[in-house]
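> The amino acid sequence is not available; the structure is as follows:
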């Protein structure tokens, strides 16, 4: 207290006003009147007796409040500068970034370049912009009505025609607003509520399916169910005796300059008899320099004694399916019984074949053995962490449960071993969709082949580190199944499989998990929810907005327990991605312009760089896992290319996500007028999530 009150001489009489002078960088001088020192100590010390009936001194209260106001004012001075800084940052981002329409009119598509119809790609964006401008207009209308006394706070509030008609019309605005209320009650609320109820039912069905899958996973863990190969199939300890058939390894790639070395090295290091193993490097690159580098790498491994071939197509049609189909037509393929497929960024462990191929022994009905993916860059940024949650659920829950209980799941396109006889009887690789892996899996299932999923056999790979690459990947993964559904539906109905398997394929595999999920996620949370803020007669219960999504997110994150801190960002990001998934699903179902778009997912090459650096640091001597050139020189080249690529990175602006961000933020402002707490917070944070994604603030930037 001595630092606050500087008493000179004798103590002033009780009740004498005290003037306190405080210096502040924002204020030149502040003079406050307060109580005497004795009064201040008596009123604020527990050692002094206090009169319970006496109220707090008015001067003391004023002094404390003014001190708090002074402190708050000091903080408020930073808010305008912070807002200006944020606005300038957004302005720079918009000025320097590219919109998603600037660089995508001509798409880099495997097998050539295709120009997408700009009219087709703008329809969905126009639809969202229409809702945005309508919501802004309605928000202005509702704010004006709020200040004029038209308060509709309860979400379950119902308006009576006679009550509205009996109101005195004082001006033109009152007349317009009363007509608007009657119009939305009679014409807008019923269809909106009907659509909301339909989406809620679909939401509950999909949530029930997710719950059943999780229960199946718990049952597998409880009973320790695990596919086991036949006795004597292979001796994992010595590897000298066992089941060693002829195996063909295929590595399809296209302009995979960042990762081709690691995939070739991993395949050549597979622990399998050399005379029973052949590696095909199927290069579809259209860059002559990349072709030369890959061919040179293959030749180096040939000098090392590996049984490896380089193959480049002259006619590069059919994307990955065409590449694999062309390779299977080679005359020497008839000498092999099984084929293992690895994409360019996959690194199988040396014992991969010893842990997968033995499951075919004495199981003539098994056509596919699929291994699990693991990710070398799952902790690289927020985007990779969120992808890891999704993919962990896919492999640990969906693939494992379907593999154990019904012996069927969608082939993941890589890290799997096929019986060549199963491929041939099912019709081989077809170029009719962008999901050739799912296509061959469905046709093999219809021909009676069974699949085995090995959750304990992992194959390392990468996940996209930029939102642009992830968005392109998800577009292909969600438009392709709808193309396939249109083509396979007659074959499924006519097939000889059981009714249960037909139901599983049509309803669970295609409709529920590929069509209904993106439909209700986008429609319910990105369109219906903000519209109910402007049409309060249509209601979304709190358990639909908050509790059920939270429970489902909790179940989704169970296979990746270390990701629990990201449960809220995961929920918001999944709803954000529903825009891309819904657009892809519609384009695939209706065969729109972007339905057959195939863009090679951009790889970072981090795992390849890590392998080379590890080889350099581990041992300077020549070893089997290294190529002939100097690894130190390779390391320097990689580091220089990475530094050069970093300088070229730029931001991209995504107009659909930005439009929906403003739509949701506008709806959150409207929810404040009706005092809807949970709806407000959900709309606010979901709008912020769309804003971050729209400004490309999640993941790495693109080159």
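Done, it's in. What you see is a predicted model, and the numbers here were worked out from it, not measured in a lab.
> Strands of this structure, start to end?
With DSSP state E as the criterion, the chain has strands at 18-22, 30-34, 98-99, 106-109, 112-115, 247-253, 277-283, 308-312, 338-341, 366-375, 416-419, 450-461, 652-653.
> could these be laid out in JSON lines, adding mean pLDDT, mean neighbour count and distance to residue 136?
In this view, the C-beta of every residue, glycine as well, is placed from N, C-alpha and C. Formatted as JSON lines, the strands of the chain follow (pLDDT from 0 to 100; neighbours: other Cβ atoms under 10 Å; distance: least, Cβ to Cβ, whole Å):
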{"stretch": "strand 18-22", "mean pLDDT": "40", "mean neighbour count": "12", "distance to residue 136": "45"}
{"stretch": "strand 30-34", "mean pLDDT": "40", "mean neighbour count": "14", "distance to residue 136": "43"}
{"stretch": "strand 98-99", "mean pLDDT": "62", "mean neighbour count": "14", "distance to residue 136": "21"}
{"stretch": "strand 106-109", "mean pLDDT": "40", "mean neighbour count": "14", "distance to residue 136": "33"}
{"stretch": "strand 112-115", "mean pLDDT": "40", "mean neighbour count": "11", "distance to residue 136": "34"}
{"stretch": "strand 247-253", "mean pLDDT": "95", "mean neighbour count": "24", "distance to residue 136": "48"}
{"stretch": "strand 277-283", "mean pLDDT": "95", "mean neighbour count": "23", "distance to residue 136": "52"}
{"stretch": "strand 308-312", "mean pLDDT": "94", "mean neighbour count": "18", "distance to residue 136": "54"}
{"stretch": "strand 338-341", "mean pLDDT": "97", "mean neighbour count": "23", "distance to residue 136": "51"}
{"stretch": "strand 366-375", "mean pLDDT": "96", "mean neighbour count": "23", "distance to residue 136": "41"}
{"stretch": "strand 416-419", "mean pLDDT": "96", "mean neighbour count": "24", "distance to residue 136": "50"}
{"stretch": "strand 450-461", "mean pLDDT": "95", "mean neighbour count": "20", "distance to residue 136": "44"}
{"stretch": "strand 652-653", "mean pLDDT": "80", "mean neighbour count": "20", "distance to residue 136": "20"}
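> Could you dump those into TSV and include distance to residue 210?
Output for the strands of the chain, formatted as TSV (distance: least, Cβ to Cβ, whole Å):
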stretch	distance to residue 210
strand 18-22	60
strand 30-34	60
strand 98-99	35
strand 106-109	34
strand 112-115	36
strand 247-253	33
strand 277-283	37
strand 308-312	42
strand 338-341	29
strand 366-375	20
strand 416-419	25
strand 450-461	18
strand 652-653	32
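> Which among those strands is found nearest to residue 217?
Ranking the strands of the chain by proximity to residue 217 (Cβ to Cβ) places strand 450-461 first, at 9.7 Å.
> so where's the stretch 101-250 of the chain shaky on pLDDT?
101-124, 148-171, 231-241 (pLDDT under 70).
> What's the local residue count around residue 436?
When neighbours are counted by other Cβ atoms under 10 Å, residue 436 registers 24.
> what's it in contact with, if anything?
When contacts are counted by Cβ atoms under 8 Å, 6 or more residues apart in numbering, residue 436 is found next to 319-321, 324, 413, 429-430.
> redo that, cut-off 6 Å
Residues near residue 436 by Cβ atoms under 6 Å, 6 or more residues apart in numbering: 321, 429.
> Figure out which of the strands of the chain is closest to residue 480.
The closest of the strands of the chain to residue 480 is strand 106-109. By Cβ to Cβ, the value is 13.9 Å.
> Pull the number of nearby residues for the closest residue to residue 572 other than its chain neighbours.
Excluding its sequence neighbours, the residue lying closest to residue 572 (Cβ to Cβ, 6 or more residues apart in numbering) is residue 689, at 3.9 Å. A count of nearby residues for residue 689, using other Cβ under 10 Å, gives 23.
> ok, residue 689 touching residue 571?
No. Contact criterion Cβ atoms under 6 Å: residue 689 and residue 571 do not qualify, at 9.1 Å.
> Give me the below-cutoff pLDDT ranges for the protein.
Scanning the chain for pLDDT under 70 picks out 1-79, 82-83, 85-124, 148-171, 231-241, 593-600, 602-651, 675-676, 701-703.
> Report the separation between the residue lying closest to residue 341 once chain neighbours are set aside and residue 350.
For residue 341, ignoring the flanking residues on the chain, the nearest one in space by Cβ to Cβ, 6+ apart is residue 250 at 5.1 Å. Separation of residue 250 from residue 350 (Cβ to Cβ, to the nearest Å): 18 Å.
> ditto for residue 694
Residue 694 is 45 Å from residue 350, by Cβ to Cβ.
> Could you do residue 575 as well?
Residue 575 sits 42 Å away from residue 350, going by Cβ to Cβ.
> quick one, which of those two is more surrounded?
Using other Cβ under 10 Å as the criterion, residue 575 and residue 350 rank with residue 575 on top: 22 against 13.
> List the residues that contact that one.
By Cβ under 6 Å, 6+ apart, the residues touching residue 575 are 525, 686.
> now swap in residue 529 and tell me
Residue 529 makes contacts with residue 540, as judged by Cβ under 6 Å, 6+ apart.
> Apply 10 Å and report the result again.
196, 199, 523, 540, 544-545, 575, 664, 667, 671, 679, 682-683, 686 (Cβ atoms under 10 Å, 6 or more residues apart in numbering).
> For residue 366, state which of these is nearest.
residue 575 (39.0 Å).
> Which strand residues bridge residue 252?
Assessed by DSSP bridges, residue 252 has beta-bridge partners residue 282.
> Please report the distance of the residue nearest to residue 341 from residue 280.
Separation of residue 250 from residue 280 (Cβ to Cβ): 5 Å.
> Between those two, which contacts overlap?
267, 311, 324, 327-328, 333, 339, 341.
> I'd like those written out as JSON lines, with distance to residue 143 added.
As requested, those are exported to JSON lines (distance: Cβ to Cβ, whole Å):
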{"residue": "267", "distance to residue 143": "64"}
{"residue": "311", "distance to residue 143": "66"}
{"residue": "324", "distance to residue 143": "59"}
{"residue": "327", "distance to residue 143": "64"}
{"residue": "328", "distance to residue 143": "65"}
{"residue": "333", "distance to residue 143": "70"}
{"residue": "339", "distance to residue 143": "65"}
{"residue": "341", "distance to residue 143": "59"}
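> Nearest to residue 509 among these?
Nearest to residue 509 among those: residue 341, at 21.3 Å, using Cβ to Cβ.
> Could you give the bridge partners of the closest one?
Note on residue 341: beta-bridge partners by DSSP bridges are residue 250, residue 416.
> ok, now how distant is it from residue 193?
49 Å.
> Ok, residue 507 next?
Taken as Cβ to Cβ, the span from residue 507 to residue 193 is 26 Å.
> which one of those two has more residues nearby?
residue 193 (17 against 14).
> Could I get the contacting residues of the residue nearest to the more buried one when sequence neighbours are not counted?
Among residues not flanking residue 193 along the chain, residue 538 sits closest, at 4.3 Å (Cβ to Cβ, 6+ apart). Residues in contact with residue 538 (Cβ under 10 Å, 6+ apart) are 155, 184, 188-197, 528, 531-532.
> Equivalent analysis for residue 336, please.
Counted by Cβ under 10 Å, 6+ apart, residue 336 has contacts 245-249, 276-278, 328, 420.
> Show me the two of those residues that sit farthest apart.
By the measure Cβ to Cβ, 276 and 328 form the most distant pair in the contacts of residue 336, at 18.3 Å.
> more crowded one of these two?
Shown here are residue 276 and residue 328; by other Cβ under 10 Å, residue 328 has more neighbours (19 against 15).
> Touching, that one and residue 427? I think so.
No. Residue 328 is beyond contact range of residue 427, at 11.7 Å (criterion: Cβ atoms under 10 Å).
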